[in-house]
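Q: 3D model of this:
(chains A and B)
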Number of protein chains: 2
Amino acid sequence: MSKKIEIFEKILDKNEQLAAELNAQLSAQNIFFINVLGSPGAGKTTLLLGLLPLLNEPSFVIEGDIQSDIDAVKLSQAGIGAVQINTGGACHLETPQIKAVLPQDLQGYLFVENIGNLVCPAEFLIGEHHKLLLATVTEGSDKPYKYPLAFEKADIILLNKTDLLPYLDFDIDFFTEGVRKLNPTAPIIKVCGKTGAGFKEVAYWITQKKLQSKL
Amino acid sequence: MSKKIEIFEKILDKNEQLAAELNAQLSAQNIFFINVLGSPGAGKTTLLLGLLPLLNEPSFVIEGDIQSDIDAVKLSQAGIGAVQINTGGACHLETPQIKAVLPQDLQGYLFVENIGNLVCPAEFLIGEHHKLLLATVTEGSDKPYKYPLAFEKADIILLNKTDLLPYLDFDIDFFTEGVRKLNPTAPIIKVCGKTGAGFKEVAYWITQKKLQSKL
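A: Numbering: from 1, shown residues only, chains lettered A, B, ... in the order given. I've put the predicted structure just below:
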């Protein structure tokens, strides 16, 4: 094994250790942490705005962006507790950034909206219980084939912007087949950020997973 | 200056040097190189399929993807010379990968479709004469504010999927204002991959830039 590979593996090990520590800490506090992944403009913030009021416990959101506080402001204006992380240029979030902004009085659910990027965020655990991947029909049905890691690692996959399906050539069978080759079990739920269609089903999945995590 | 920063700057310097060498080599051969950037599913391949037949000289395409050869196959089937690079997991292309797959008989235009990612590819020169950024109305009008580097570095910005504008709340003024704060001069051209609207204007810009580069 070359020295370069050894060093890279050590960095990954250290990241995984930090993520496992945060996960254990949150579990002990009965806080359930969802890491939300998706491309730029997939509708992550719109999902959170519609989904969080449907949950049975309070939520807090950490918003990751290269720059701007647009998303944290949107959530705060809707009465959802939120804090913004700006990475400057970095393409994904890491555990120490999450730990640094966790509020003292956290309870219920923690959501992190990761950097809009279908590549890098899927490589890094940040202490989450589950990864939620938000794909969209506007991106095209070949995305699982081209960006396999995000689809492979996701615990639940939402397919958003379904109101635009009549105007697109989106092949749902090709999409589903691509997902299933990588990930045989994650639920795939069609949603629509504009109408809120499907959000109740997502809220049910999340609340059930939180309940099961305490068994 | 810390050692970490010094090493990082040395890596960037080396990349820039390799990119400058490739750029000089292509210029000497009268080959004009466009680096195409955009999010996953922005419509990069559809743009190339419609645009390249409108150019006045032959084109060759290097397709960058994490995995799959879907895009190179599409271009080849349309009679456009193309080769696929699969990065495995890497989130952007670098100059040595481009050099390694350049055909011997290259002439006219070289296009590289970079990895679908609005963050990382903008950071790395790969020998191009110009960067073309393909944004979409489905991503939302706040993208320049959240992903500033790609918009700042672009020499031409296309706004794609304009056929979907009637079904979206896209604020073109907010988008344009965001772009202009970062990039006062790059043309912003509305295009539609489905109908080919705007492609002639893009082809004209590219052919003019190639002509000017020889003056």
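Q: Now do the contacts for the closest residue to residue A:41 other than its chain neighbours.
A: Spatial nearest neighbour of residue A:41, excluding adjacent residues (Cβ to Cβ, 6 or more residues apart in numbering or on different chains): residue B:139 at 2.9 Å. Heads up, the C-betas are built off the backbone N, CA and C, glycines and all. With contact taken as Cβ atoms under 8 Å, 6 or more residues apart in numbering or on different chains, residue B:139 is in contact with A:39, A:40, A:41, B:39, B:42.
Q: mind redoing it with 7 Å?
A: A:40, A:41, B:39 (Cβ atoms under 7 Å, 6 or more residues apart in numbering or on different chains).
Q: Can you tell me the centre-most residue of chain A?
A: Ranked by distance to the mean C-alpha position of chain A (Cα atoms, centre = their mean), the top residue is residue A:36 at 1.1 Å.
Q: Present the contacts of residue B:139 as TSV; the columns should include pLDDT and distance to residue A:149.
A: Shown next, in TSV, are the contacts of residue B:139 (pLDDT from 0 to 100; distance: Cβ to Cβ, whole Å):
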residue	pLDDT	distance to residue A:149
A:40	98	17
A:41	97	20
B:39	98	17
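Q: which of the residues you listed lies closest to residue B:15?
A: Residue B:15 lies nearest to residue B:39 out of the contacts of residue B:139, by Cβ to Cβ, at 22.9 Å.
Q: What is the neighbour count of that closest one?
A: 28 (other Cβ atoms under 10 Å in any protein chain shown).
Q: For it, give its distance to chain A.
A: Between residue B:39 and chain A the computed distance is 5 Å (Cβ to the nearest Cβ, to the nearest Å).
Q: That residue and residue A:157, how far apart?
A: 18 Å (Cβ to Cβ, to the nearest Å).
Q: now residue A:84
A: Distance from residue A:84 to residue A:157, by Cβ to Cβ: 26 Å.
Q: Can you report how many residues neighbour the spatially closest residue to residue A:167 that is not a sequence neighbour?
A: What sits nearest to residue A:167 in space, not counting adjacent residues and going by Cβ to Cβ, 6+ apart, is residue B:164, at 6.0 Å. Residue B:164 has 19 neighbours, counted by other Cβ under 10 Å.
Q: so where is chain A shaky, pLDDT-wise?
A: Along chain A, the parts satisfying pLDDT under 70 run over A:1-8, A:215.
Q: what does it put close to chain B?
A: With Cβ under 7 Å from any Cβ of the partner chain as the criterion, chain A comes near chain B at residues A:39-41, A:65-68, A:70, A:89, A:91, A:115-120, A:138-140, A:142-143, A:145-149, A:161, A:164, A:167.
Q: For the longest helix along chain A, name the packing helices and strands.
A: Looking across chain A with DSSP state H, the single longest helix is helix A:3-28. Helix A:3-28 is packed against helix A:95-101, with contacts defined by 3 or more Cβ pairs under 7 Å, 6 or more residues apart in numbering or on different chains; DSSP states H and E.
Q: What residues sit buried inside the helix it packs on?
A: Within helix A:95-101, the residues that count as buried by 16 or more other Cβ atoms under 10 Å in any protein chain shown are A:95, A:97, A:98.
Q: all strands of chain A, in order?
A: Here chain A has its strands, by DSSP state E, at A:32-38, A:59-65, A:81-86, A:109-113, A:130-136, A:156-160, A:188-190.
Q: So what touches the fourth one?
A: Contact with strand A:109-113 is made by A:26, A:31-36, A:44-45, A:48, A:55, A:57, A:59-64, A:71, A:93, A:98, A:126, as judged by Cβ under 7 Å, 6+ apart.
Q: Generate a ChimeraX selection restricted to the buried subset of those residues.
A: Typed into ChimeraX, the line below selects the buried ones among those, using 16+ other Cβ under 10 Å:
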select /A:26,31,32,33,34,35,36,44,45,48,55,59,60,61,62,63,64,71,93,98,126
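Q: check contacts around residue A:125.
A: Residue A:125 neighbours (Cβ under 7 Å, 6+ apart): A:15, A:16, A:19.
Q: Quick one, which of those residues are buried?
A: A:15, A:19.
Q: Out of the contacts of residue A:125, flag the one nearest to residue B:201.
A: Relative to residue B:201, and with distances defined as Cβ to Cβ, the nearest of the contacts of residue A:125 is residue A:15, at 46.0 Å.
Q: ok, now how distant is the nearest residue to residue A:172 once chain neighbours are set aside from residue A:47?
A: Leaving aside its chain neighbours, residue A:172 sits nearest to residue A:141 (6.9 Å; criterion: Cβ to Cβ, 6+ apart). Residue A:141 sits 20 Å away from residue A:47, going by Cβ to Cβ.
Q: Which of those two has more residues huddled nearby?
A: A direct count of neighbours by other Cβ under 10 Å for residue A:141 and residue A:47 places residue A:47 higher, at 24 against 21.
Q: Isn't that one up against residue A:135?
A: No. Counting by Cβ atoms under 7 Å, residue A:47 does not reach residue A:135; the two are 11.6 Å apart.
Q: Bridge partners for residue A:33, pull those for me.
A: residue A:110 (DSSP bridges).
Q: residues touching it, list them.
A: With contact taken as Cβ under 7 Å, 6+ apart, residue A:33 is in contact with A:26, A:110, A:127, A:128, A:129.
Q: From residue A:71, how far off is the nearest residue to the last one once chain neighbours are set aside?
A: In other words, residue A:129. Nearest residue to residue A:129, sequence neighbours excluded (Cβ to Cβ, 6+ apart): residue A:33, at 5.1 Å. Shown here: residue A:33 relative to residue A:71, a distance of 18 Å by Cβ to Cβ.
Q: and what of residue A:184?
A: Counting by Cβ to Cβ, the separation of residue A:184 from residue A:71 is 33 Å.
Q: Likewise for residue A:159?
A: Here the criterion is Cβ to Cβ. By it, residue A:159 lies 21 Å from residue A:71.
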